[in-house]
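**Student:** Give me a 3D structure for the following:
(one chain, ligands or ions: 2)
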Amino acid sequence: MKRVVGVDSSTQSTKVVVVSAETGELLAAGSAAHPDGTAVDPRVWTSALQEAWAAGRVTDFGSSVLAASVAAQQHGMVALDHGNHPVFDALLWNDTRSAPEAERMVAELGAAEWAKRTGLVPVPSFTLTKLAWLSRQHPELAAQVARVCLPHDWLNLQLAGTFSTDRSDASGTGYFDPVGNTYLPELMQRYFGAVPELPTVLAPEQQAGRLLDEWGLPNAVLAAGAGDNAAAALGLGLAEGEVVLSVGTSGTVFSSSGTPTHDASGQIAGFADATGQYLPLLAMLNSARTLSATATMLQVDLAELDRLALAAPVDADGLLLLPYLDGERTPNLPTASGTLLGLRRSTMTPENLARAAVLAVLNSLADAVDLIKAAGVPVQRVLLIGGGSKSVALRQAAASVLGVDIEIPAAAEYVALGAARQAAWAATGELPQWKRRIEQRFAPEQSDWGAELRGRYQESRKAVYGV
Ligand SMILES: Nc1ncnc2c1ncn2[C@@H]1O[C@H](COP(=O)(O)OP(=O)(O)O)[C@@H](O)[C@H]1O
Ligand SMILES: O=C(CO)[C@@H](O)[C@H](O)COP(=O)(O)O
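**Tutor:** Ligands and ions are numbered 1, 2, ... in the order given. Got it, this is the predicted structure:
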């Protein structure tokens, strides 16, 4: 049996899977945690990959492995000197210190022009705003930068010694045109003050090189890799009309599209996908960690948080959480903090707080679905994935809050699986057709509690944050 390896180097952890190249059947898996924080030394990701690789006993599959591929969190600023040493910690997608730069960039060029040229309107998540911050705050370090890449590109460098990326990840930088598939050096020059070497943008099925001997897979080539959401779409075999709700470290809502988006409001990121098409996407800074933070506040584990949330009234008895705990990206409120409304002696219960956290995550996703629908992206099927989707309370309430049927694919690491599927494509020249199994389906409940809650959530958000 021929195998392929998929990697997901996400915000909180590295996950590695070994699967059948023909069917995608899971054969082995390993993982390793990342440190908390929004600025990370990229060398930590290399160590985590080595740890997850060993935990998954990947080298036991040796010469049967045809290829590997890396998907990773998007946008991280990996700034390297001439010796490929990081000049500064990689500022991640959820670091908001470059908010002033993002505002300045939008004010100077205009949102519509940014959306037209890059598919994006700068927010602190995007790589170029972080480079602008480095150039302004640490000019002496910026002067040492010889090349710039993204988290998945850094791991490509460690795995095969090649400096390469793919269009899905490049499309999240703010200096790339996903329609023309070209870098925009004039934007890099204008906002970073120089044009460092940038990784070669490979086609989705193109090989990036051969794995270095130290990784113990003598016959394996390395595929181009991808941004994590594009890889998840590949892992799910996402089709136009299908929308993914991912409750991970980031909350994301995205679909597959044959046409690019240029949303001047900046709410929909017009990314490229990992098949040659496009991936219109909205991202939230606060998602699964809203649940874990609430569990910590209640001093319970996630299983107990779920039990509490299931024991509460469906609407948390009016307790309402606006979950902008780390600031927020959609809506663009980088300096915001969270707000709890409806506090009464009768509503201040652990059950209601747990339920309010679940409903907060779902309302943020529902806001994003409303926006992607309004942009004309067809929404015929909604798939719920991500670690947070393991919450029974969340998956049971999702259909009522969003007002649509929700499908839960069988539990899998879809980002890593998508990377593995790309690896098989790069090795064989054929994109394998792996089966997707739906584990559960939920329909909206008869009562209209979800619609009533959506109204209160939107009124509260408008009243408190003005958006
Ligand atoms: N049963 C659960 N209930 C709620 N949240 C969960 C559960 N299991 C895992 N999580 C959360 O899922 C998140 C990890 O999800 P994942 O999709 O792997 O994230 P990433 O975006 O980093 O890939 C963590 O924040 C974790 O707390
Ligand atoms: O910023 C985005 C998408 O634009 C995030 O989706 C990151 O790509 C982080 O992904 P996870 O760690 O949550 O998987």
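
**Student:** if I look at the one residue in the stretch 201-350 of the chain that gets nearest to ligand 1, how far off is Thr335?
**Tutor:** Per Cβ to the nearest ligand atom, Gly248 is where the stretch 201-350 of the chain lies closest to ligand 1, at 2.5 Å. The C-beta positions use only the backbone N, C-alpha and C, and glycine is treated the same way. Per Cβ to Cβ, to the nearest Å, Gly248 is found 23 Å from Thr335.

**Student:** swap in Asn286?
**Tutor:** From Asn286 to Thr335 the distance is 14 Å (Cβ to Cβ).

**Student:** ok, the two, which is more surrounded?
**Tutor:** Per other Cβ atoms under 10 Å, whichever of Asn286 and Thr335 has more neighbours is Asn286, with 27 against 9.

**Student:** That one and Thr330 touch, don't they?
**Tutor:** No: assessed by Cβ atoms under 8 Å, Asn286 is found out of contact with Thr330, at 10.0 Å.

**Student:** Now the common contact residues for the two.
**Tutor:** Contact with both Asn286 and Thr330 is made by residues Ser364, according to Cβ atoms under 8 Å, 6 or more residues apart in numbering.

**Student:** What are the boundaries of the strands in the stretch 51-200 of the chain?
**Tutor:** Assigned by DSSP state E, counting those that start in this stretch, the stretch 51-200 of the chain shows strands spanning 65-72, 78-80, 90-91, 147-149, 164-166, 176-177, 182-183, 200-202.

**Student:** between those, which gets nearest to Leu321?
**Tutor:** strand 90-91 (27.6 Å; Cβ to Cβ).

**Student:** Need the contact partners of the closest one.
**Tutor:** The contact list for strand 90-91 (Cβ under 8 Å, 6+ apart) reads 38-42, 76-79, 97-98, 130, 133-134, 151, 154.

**Student:** could you redo the last one with a cut-off of 7 Å?
**Tutor:** Contacts to strand 90-91, defined as Cβ atoms under 7 Å, 6 or more residues apart in numbering, come from residues 38-40, 42, 76-78, 130, 151.

**Student:** what does stretch 125-142 give?
**Tutor:** 75, 77, 79, 87-88, 91, 93, 97-98, 101-102, 105, 120, 122, 148, 150, 172-175, 187, 191-193, 329.

**Student:** So which bits of that stretch are buried?
**Tutor:** Neighbour counts using 16 or more other Cβ atoms under 10 Å place 125-136, 142 of stretch 125-142 among the buried residues.

**Student:** Which member of those is positioned nearest ligand 2?
**Tutor:** Ser125 (5.1 Å).

**Student:** Which single residue of the stretch 351-467 of the chain approaches ligand 1 most closely?
**Tutor:** The minimum distance from the stretch 351-467 of the chain to ligand 1, using Cβ to the nearest ligand atom, falls at Gly387 (2.2 Å).

**Student:** In contact with that residue, which residues?
**Tutor:** Residues in contact with Gly387 (Cβ under 7 Å, 6+ apart) are 247-248, 288.

**Student:** Relative to Ala54, how far out is it?
**Tutor:** Relative to Ala54, and taking Cβ to Cβ, Gly387 is found at 22 Å.

**Student:** do the same with His82
**Tutor:** The separation that His82 has from Ala54, given Cβ to Cβ, amounts to 31 Å.

**Student:** Pull up the residues of this structure that are close to ligand 2.
**Tutor:** 10-11, 73-75, 93, 125, 172, 228-229, 248-250, 252, 269, 281, 283 (Cβ under 6 Å from any ligand atom).

**Student:** So what's the gap between the host helix or strand of Tyr457 and the chain middle?
**Tutor:** Element membership for Tyr457, per DSSP states H and E: helix 449-465. Centroid separation between helix 449-465 and its chain, computed with Cα atoms, centre = their mean, to the nearest Å, is 26 Å.

**Student:** What average pLDDT does that helix get?
**Tutor:** On average, the pLDDT along helix 449-465 is 97.

**Student:** now do stretch 59-74
**Tutor:** 98.

**Student:** do stretch 395-414 as well
**Tutor:** Stretch 395-414 comes out with an average pLDDT of 96.

**Student:** That one vs ligand 1: in contact?
**Tutor:** No: between stretch 395-414 and ligand 1, judged by Cβ under 6 Å from any ligand atom, nothing touches; the nearest distance is 7.3 Å.

**Student:** got the buried residues for that stretch?
**Tutor:** Neighbour-count burial for stretch 395-414 flags 395-402, 404, 406-409, 412-414 (criterion: 16+ other Cβ under 10 Å).

**Student:** Ends of that stretch, what's the gap?
**Tutor:** By Cα to Cα, to the nearest Å, the extent of stretch 395-414 from end to end equals 17 Å.

**Student:** Ok, stretch 179-195 next?
**Tutor:** 21 Å.

**Student:** for stretch 225-245, same thing?
**Tutor:** Using Cα to Cα, the end-to-end distance of stretch 225-245 comes to 22 Å.

**Student:** The chain should start at 263 in everything you say after this.
**Tutor:** All right, first residue 263 from here; so that's stretch 487-507.

**Student:** Give me the buried positions along it.
**Tutor:** 487-500, 504-507.

**Student:** Done for today, thanks.
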